Each structure stands twice: as C-alpha cells, then as structure tokens.
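**Q** Provided below are the primary sequence and the corresponding predicted coordinates.
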Amino acid sequence: MNLETLFEKFDLFADAPDAVAKMRELVLELAIRGKLVAQDAADEPAAVLVRKIQAEKSRRKGPIDSLDREPDLNDNDLDFVIPTSWEWVGTMTPVLMVSDQGKKVLTKDILATGRYPVIDQGKVFIRGYCDDPGKVIHVAEPIVLFGDHTRETKLIDFDFVVGADGVKLLQPVCIEPKYYFLTLRWLPLESRGYARHFKLLRAARIPLPPLAEQKRIVAKVDELMALCDRLESQQKERETRHAALARASLARFADAPTAANLNFIFHKSYDISPADLRKTILTLAVQGKLVPQDPKDEPASKVLASGAELPDGHIRRRKIVKRAPISSKSELFPDLPPSWEYASVQSLYDLNLIVDYADGNHGSLYPRSSEFGDAGVMFVTARDIADGRVSWNSCAQLNEERANQLTKGWSKGGDVLLTHNATVGRVARVEQEVGKFLLGTSVTFYRLNEEFIHPSYFYHVLCSPTWQGQLEAIMEQTTRNQVSIQKQAFFQVPLPPVAEQRRIVAKLDELMALVGALETQLATARTAAEKLMEAVVAELTEAERAMRTPPQPCFDHDITPMLND
C-alpha cells in the first residue's frame, strides 16, 4: 500500500480524532525520512551539496562563524535511517543569519493597514502593517523566520518588516528554501514555554537530500497538502450538512420522543453527539413533552396548595434568604402542561416537599488536613462528583471524633448533590443504601419528600438545561464562579404530578440507555479508525526497512486488503 491509496481510503479514517492533521503529519514525516519520492542515482549526492554550501557561505560572509559550526553529535541522535545519498547536517549548516538590527517595529506601532506587511513569531502569518521604508527587509531569495519563543516557522518570499522580539531570520543557501522550511516544521523541538528555543534549534540536526530530490519532495508535499486541504474542506462541508440533519432529526424527536424516533437519529449521517441528545431528552422531560399527561393524575397545584407533613423525627432548619434573586432568561421557563407548576426551591422547602437543603462545611468548620486519614466518615468534595455519581474510592475520610463535632453538611443515601463553588453544576444521585457522610465547602445536598418529589426526577431536573441555565445566569451576572445556597433558593423547579414524575423517570432510563449505547458505538468506531490509522502510519514510516534505489514502499505484509474489506 502507498500513500495515494491511503488518501483514497480516507473515509475509513475520518472518524479518527484529528484525522486530517495526522495525514499532514504523516506526509511531512515521510518527506523528511526519504520515503515520499523515489531516489535517483543520477542525483548529485548531498555530501557534494554540503561542500558547495560551505564554499558559498564563505564567499558571502567570510569564515564560518560560531553559529554555523556543527554541534557535537551523538549516535543517539540518529533515530532513523536516511537514504545513502542523503546527509545529516546541523540546522544552521545550510543557512545564513539575516540581520534585523534596527529594523524591528514595536507592537504598539503596528498599523491595521499600510504599505509593508509586519511579520512576527505569532501564529497569524501577517500581524499588521508598517509605512516606514527604513525598516523594510528586502527579500531577493526566500527567508525562513523562526520564533525563538513560540517555535513558529514562516516562509517569506516578499519584502516585509519584522515585528516584536525573539525572531530569527534564516537565509537558505544553495538548497531549496521550502524544503528547509519543511524540515523546521517537522523538527520536534522540546517546548520550554515562553523561554528561548533558538539554542535547541542550533543543536539539532536535519536530513539533507540531494538538491534535485529536494525539489521533487517539495512538489510532492505541495500536491498532498492540497489533497489534505480538499479533505478538510469536504469534512467541514459534511459537518455543516450533518448539523442541519441533526437539527431536523432532533426536531422530529422533540415532536415525538419515542425510542423508535431516537433509533432514527442513530444513523451515522446525522452525526448527533450523545451530549446533545441527552440535553434534548432532558429538556423535553422537564417541559412536559417526554410522556403524555394523564387527566387522572393529581395536578401539582393541589400539592402546592396544601403542602406536606414532615417525615417523622425530622427537625427543620430555618432558611434565611438574604439576597434578591438574579434574573434568568425567560426562555428557560416555557409554558408547562396544565397539570404542572413552576415552584421555587424555597417554596418547595416551605411546603415540606423539599425536606432539607444545605451546603457543606466551610470556614472554621472545615476540618484540618491532619484530621483526615484512612478510616472514618466519608468526606465528599466537588472533585469526588462526576458522571452522575459519587466516586467513593476517591473520597477522603474524616476521623469519627472530629466528624461528630460537626453539626452541618451531613448527607445520606437518597440525597441529590450539586456542586456550586469553583466547579459548578455537577450533579449526583446518592445510592439509597449509603449511610451518613459529610460534605465539603463546594457541595449542596437536597433531600426530597419522596411521596411528592421523586429523587430521580429531581436529579434529572438539576441536570437539565432549565436548572443549568439558571446556574449560568448567576455566574454571568457575578464575578465569582459560585452559586450560593441563598441564590439557589430562588431557582425554579418544573413540577409535574407525582405519577407523571415516575413515568418520566422510566422513559428517561429507557432513552438514556439507548444514548449510552450510541456513545459506545461512536467510541468503538473512533477507536477502530484510530487504530487502523496508527497501523497505516506505522507501516509507512517503519524505519527498519532497507532503502531501495529508487526506493518504493515495500512491506512484509500489506494492509490494503484490510482497507478494502
């Protein structure tokens, strides 16, 4: 199998993460390893070219200075075999430094428009413009710019002005400038953050082919990168079409939220993410559109009119709401079915439908690190909550003596937990059989009167866009990433009849299981595509293969039959 076949079979790899980017990396890797084009025995070998480079550099600037001297090389640097007509050389061997002294323009002086483009070490190719002709670097032959801080490389073939600091300008000598540019793009330099990297560049080496082969490599890379551009464009176009189909299929599901219609949008063409599906299903659930209403159900208004008795033995805590509510977007609260009602958290608490809600221990109540150990009472913090559950294995444990001194933050099985500080919006339903445990600063517990509010329904409300949107509204209007217990008191809860809550929970269990199956299918497809692509890349870049003259990709086994299956 050759690289062209790989491009023809791209659809098999399209599901792999960053598929096009990996194709670009593969093209570059093969080019630098001498496996992209055939070698020609008639080409003048690179060893001769190196001598010409040194002679030309001496002619242009006198004896080779310290920047041009070959670094000390270790055998460990030879991590792959290059063709016999190639040479390993220092990165500075085939270039001269171009001075930019007195020609740099300060960032504050860069114009939005002007006569001369300003190029710096940022990711954007042209940073801005400058009108000062005295700062122009005139380009007779292409120059490669290297960003000392960013490691960005740019090939420049027009007059320009240098922007900012940390830029090195390299003039290729007697070689194909674009080939040198490709080698710097390929060169795996270690990242040092915003520190300097030119020292690493000088100490590195690159493979240098004969000049004629350099030109063939550049032409082939241009051809294949253009193919990558087309593949990328096709992917974006396909994603746009898929997005339109996804919206249509989600609308169809919203009109009739059945398992059959959910299966309809499992089709690969629709490309709907499991996260979007879950959000749609939860939205339908809390708007009264997931299951039909039954006129025999006792409406929520009747429960809200009379309230409920407290469970035996429960002592109420007084809730003091000190702050006015912060407004949420009206679209979060569409009209509900006649048998439903919106009710605030505080009103549900006042009516005993929410038995208790409180946050965890903080301030002077928060235990010291020395009071935690390998045994004692489970202490749940925000980091222990993910994917709808508490990860008990990750929880710290507080010694019993200290735990018994704490009068707040106690939670138990059946409660619904919400993270509200720093990490906001994670929700967990605590297993019924779990005993008492303690909560840290960033977690609120909700304890429901299960005769009137099904804990699983309330859990889904907290996961839904209706509740999460209220959390986002709070954080958009404040400077801190937290939602206090006082603010949660004003949150609106869509409350259906109790019987309908049970039907909603049953339907959600059914549909979420199907979404979980979809997620598994997508993950399996991505993994398979990624593994197949890795196998192809490994085969095409395998270093131990003997080089041919002219070399053709030749392998002990061929995975082309796999691609045709």
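**A** Ah, there it is.

**Q** Tell me which other helices or strands the host helix or strand of residue 277 touches.
**A** Using DSSP states H and E, residue 277 maps to helix 274-286. Contacts defined by 3 or more C-beta pairs under 8 Å, 6 or more residues apart in numbering; DSSP states H and E place helix 274-286 against helix 211-255, helix 455-463, helix 465-476, helix 498-541. C-beta coordinates here come from the backbone N, C-alpha and C atoms, glycine included.

**Q** who does the helix or strand where residue 446 lies touch, helix- and strand-wise?
**A** Using DSSP H and E, the element containing residue 446 is strand 443-448. Identification of packing neighbours for strand 443-448 by 3+ C-beta pairs under 8 Å, 6+ apart yields strand 354-359, strand 416-421, helix 455-463.

**Q** ranking the helices and strands packed on helix 274-286 by burial, who's on top?
**A** helix 455-463 (a mean of 23; mean count of other C-beta atoms under 10 Å).

**Q** And that helix, how far out from the chain middle?
**A** 28 Å (C-alpha atoms, centre = their mean, to the nearest Å).

**Q** Residue 417 is in contact with residue 442, isn't it?
**A** No. Residue 417 sits out of contact with residue 442 when judged by C-beta atoms under 8 Å, with a separation of 10.3 Å.

**Q** Residue 489: neighbour count?
**A** Number of residues near residue 489 (other C-beta atoms under 10 Å) recorded here: 20.

**Q** Also residue 41?
**A** Using other C-beta under 10 Å: residue 41 sits among 8 other residues.

**Q** re the thing from before, would you mind listing the buried residues in the helix holding residue 277?
**A** Neighbour counts using 16 or more other C-beta atoms under 10 Å place 274, 277, 278, 279, 280, 281, 282, 283, 284, 285, 286 of helix 274-286 among the buried residues.

**Q** Farthest-apart pair in those residues, please.
**A** Pairwise distances across the buried residues of helix 274-286 peak at 18.7 Å for 274 and 286 (criterion: C-beta to C-beta).

**Q** How many residues are close by the nearest residue to residue 118 once chain neighbours are set aside?
**A** Among residues not flanking residue 118 along the chain, residue 163 sits closest, at 4.3 Å (C-beta to C-beta, 6 or more residues apart in numbering). Residues near residue 163, counting by other C-beta under 10 Å, number 23.

**Q** Show the contacting residues for the residue nearest to residue 488 when sequence neighbours are not counted.
**A** Distance criterion C-beta to C-beta, 6+ apart; nearest residue to residue 488, sequence neighbours excluded, is residue 345 at 5.7 Å. Residue 345 makes contacts with 354, 357, 488, 489, 490, 491, 493, as judged by C-beta atoms under 8 Å, 6 or more residues apart in numbering.

**Q** so of these, which ones are in helices?
**A** residue 488 (DSSP state H).

**Q** Taking the contacts of residue 345, tell me the two that lie furthest apart.
**A** Checking the contacts of residue 345 with C-beta to C-beta, the most distant pair is 354 and 490, at 13.5 Å.

**Q** the more surrounded of these two?
**A** More crowded of residue 354 and residue 490, by other C-beta under 10 Å: residue 354, with 24 against 19.
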